[in-house]
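Chemist: have a look at this prediction, sequence included:
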Amino acid sequence: MYRFPHLRWSLLLGLAFLLLWGWLPSWAAKASTGGLSTATAPDAVELEFFIGTANYPVDVLLEWATVSETNTSRFRIYRGTVNDWSVAENIHEEDAQSPGGGGNYYSYHDSYNLVPGTVYYYWIAGANLNGEWPPPDTDPEYVPVVPWGDCSAYDVVCNFVIDAQDLTAIAERWTCSQGEVCYEATLDLNADLIIDVLDIMEDGGRWGCTWGQACYSDP
């Protein structure tokens with residue numbers, strides 16, 4: 001009846017191989033993510049804001065609010081001294097107020113081993129309803145940068161070193177005088193009611209001075 005039995009079995013085996021080849025990668029991907037493919041693991045945190053305020057020398061007040069918590073079960077806060085969350089330290093965790101529900105307001109006071117003269121970066125991550133932890137949002141809008149210590153008047157950008165960033169900040173208000181919208185008294189270092197070359201010279205005279213050095217401090 002069948003003139004080519006070997007051909008028939010070859011075709012059946014080939015079809016089975018193709019079906020198996022297409023199924024195995026999908027199964028392996030699900031196994032590696034605990035049964036949930038990466039495409040169905042959305043970010044866990046929908047933030048409205050995340051801000052940090054230094055209450056030196058007591059603590060740093062961290063505040064955040066969620067737009068919704070439809071896929072949020074828990075929060076984790078990281079802190080670091082460089083702008084790289086992957087080397088930051090996990091300093092706090094807490095449960096979401098309404099997992100699977102609407103948004104809420106939260107706050108946390110960080111006082112753990114804060115070192116004066118240090119700039120701290122903060123990130124917030126959230127576990128989704130499956131207990132997975134996607135990476136935190138690295139958008140600068142949601143990464144508070146908090147200087148910890150009393151900044152010198154010459155350290156205009158408050159990063160605990162007097163450098164080109166401070167001179168640039170002063171130069172951006174060049175010739176602005178009292179009464180003008182662009183005038184800022186904190187940039188008028190010699191208090192002569194105008195931001196000019198004298199202020200740049202005043203600041204440049206302390207170039208390279210860092211927090212803790214005598215030349216960094218206000219006169």
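Modeler: The structure has been received and is ready for your questions. Everything numeric in this text was worked out from a predicted model, so none of it was measured.

Chemist: make it CA atoms for all contacts and neighbour counts henceforth
Modeler: Will do.

Chemist: mind listing what residue 209 touches?
Modeler: Neighbouring residues of residue 209 by CA atoms under 8 Å, 6 or more residues apart in numbering: 161-162, 215-216.

Chemist: hmm, which two among those are most spread apart?
Modeler: 161 and 215 (10.6 Å; CA to CA).

Chemist: which one's more surrounded, these two?
Modeler: residue 161 (24 against 17; other CA atoms under 10 Å).

Chemist: before we move on, the earlier item: switch the contacts of residue 209 over to a markdown table; also include distance to residue 67, pLDDT and secondary structure.
Modeler: Shown next, in a markdown table, are the contacts of residue 209 (distance: CA to CA, whole Å; pLDDT from 0 to 100; DSSP: H, G, I helix; E, B strand; the rest coil):
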| residue | distance to residue 67 | pLDDT | secondary structure |
| --- | --- | --- | --- |
| 161 | 37 | 96 | strand |
| 162 | 39 | 97 | coil |
| 215 | 46 | 94 | coil |
| 216 | 42 | 95 | coil |
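
Chemist: residue 197: which of these is nearest?
Modeler: residue 162 (16.6 Å).

Chemist: quick one: that closest one and residue 217, what's the gap?
Modeler: Separation of residue 162 from residue 217 (CA to CA, to the nearest Å) stands at 10 Å.

Chemist: now the strands for this protein?
Modeler: Using DSSP state E, the strands of the chain run over residues 46-55, 59-69, 74-80, 89-95, 101-102, 105-110, 118-127, 145-148.

Chemist: given the third one, what are its sheet partners and their directions?
Modeler: With DSSP bridges as the test, strand 74-80 is paired with strand 89-95 (antiparallel), strand 118-127 (antiparallel).

Chemist: pick the most buried one from the ones you listed.
Modeler: Most buried of the strands paired with strand 74-80 by mean neighbour count (mean count of other CA atoms under 10 Å) is strand 118-127; its value is a mean of 23.

Chemist: relative to residue 67, how far out is the residue nearest to the spatial centre of the chain?
Modeler: Centroid-nearest residue in the chain: residue 143, 3.1 Å away (criterion: CA atoms, centre = their mean). To residue 67, residue 143 is 17 Å away according to CA to CA.

Chemist: residue 162 contacts residue 154, correct?
Modeler: Yes: using CA atoms under 8 Å, residue 162 is in contact with residue 154, at 6.7 Å.

Chemist: which residues are common contacts for the two?
Modeler: With CA under 8 Å, 6+ apart, residue 162 and residue 154 have common neighbours 203, 206, 216.

Chemist: what about the last one, how many residues close to it?
Modeler: Residue 216 is flanked by 21 other residues according to other CA under 10 Å.

Chemist: against residue 85, how distant is it?
Modeler: 29 Å.

Chemist: domain ranges for this protein?
Modeler: As given by automatic domain parsing, the domain ranges for the chain are 5-39, 46-148, 152-219.

Chemist: quick check, pLDDT for the nearest residue to residue 151 once chain neighbours are set aside.
Modeler: In this structure, residue 151 finds its nearest non-sequential neighbour in residue 158, 5.5 Å apart by CA to CA, 6 or more residues apart in numbering. For residue 158, the pLDDT comes out at 95.
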